[in-house]
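> sequence isn't available, so here's the structure alone:
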């Protein structure tokens, strides 16, 4: 995981210091190129870590996250987004793309993906930390998928965080 940008550090430290009081849904907003995905990845690792609030980088939870195999880190995205990001931490999103049907173009998040995700979130965490969902492309959800995700936000599982990076449009 690449290091945080210097302008991220104060906000990151504030958020992780309040980890016990964080809401289940977090929207990270900033301009294009501000490093929202990098920030989201550091936040996810910190929420999964059991040693240090900022994420130690050496415990089993952090190592699993950095290798892209943490069972409590979930990514909600499309095939197209995965293909454009290459070998980044979002590759965990592939587990929700299997079996989505022939009609799926890879450009839409389907209700089947949301059902698979919410099913995984309803289970007990594999590790002692939290469960974290990185929502990459919320705009790519069809209406059924959006409604299913809304239910997950309204009735979140314990110790579960949904993180969405979003760019602001400049006029």
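Structure received. The model shown is predicted, which means the values in this text are computed figures rather than measured ones. Numbers count the residues shown, from 1 in each chain.

> what does stretch 148-162 rub up against?
Stretch 148-162 is contacted by residues 22, 24-26, 47, 76, 111, 114-115, 117-118, 121-122, 125, 129-133, 135, 138, 141 when judged by Cβ atoms under 8 Å, 6 or more residues apart in numbering. Any C-beta I mention is one placed from the backbone N, CA and C, and that applies to glycine too.

> can we see that at 6 Å?
24-25, 47, 111, 114, 118, 121-122, 130-133 (Cβ atoms under 6 Å, 6 or more residues apart in numbering).

> give the buried residues for the longest strand along the chain.
Across the chain, the longest stretch assigned as strand under DSSP state E is strand 160-167. Within strand 160-167, the residues scored as buried using 16 or more other Cβ atoms under 10 Å are 160-165.

> and what of stretch 140-158?
Residues of stretch 140-158 classed as buried by neighbour count (16+ other Cβ under 10 Å): 140-141, 145, 148-149, 152, 156-157.

> what would the residues you listed look like in TSV with pLDDT, distance to residue 56 and secondary structure?
Below are these laid out as TSV (pLDDT from 0 to 100; distance: Cβ to Cβ, whole Å; DSSP: H, G, I helix; E, B strand; the rest coil):
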residue	pLDDT	distance to residue 56	secondary structure
140	83	34	helix
141	86	34	strand
145	89	35	helix
148	90	35	helix
149	89	31	helix
152	82	29	helix
156	81	26	coil
157	81	25	coil
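
> between those, which is nearest residue 9?
Among the buried residues of stretch 140-158, residue 156 lies closest to residue 9 (Cβ to Cβ), at 27.7 Å.

> quick one: the closest one from residue 162, how far?
Using Cβ to Cβ, to the nearest Å, residue 156 is found at 8 Å from residue 162.

> can you check residue 40 too?
11 Å.

> how about JSON lines for the buried residues of stretch 140-158, with distance to residue 2 added?
Listed next are those as JSON lines, based on distance: Cβ to Cβ, whole Å:
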{"residue": "140", "distance to residue 2": "25"}
{"residue": "141", "distance to residue 2": "28"}
{"residue": "145", "distance to residue 2": "30"}
{"residue": "148", "distance to residue 2": "33"}
{"residue": "149", "distance to residue 2": "28"}
{"residue": "152", "distance to residue 2": "29"}
{"residue": "156", "distance to residue 2": "29"}
{"residue": "157", "distance to residue 2": "29"}
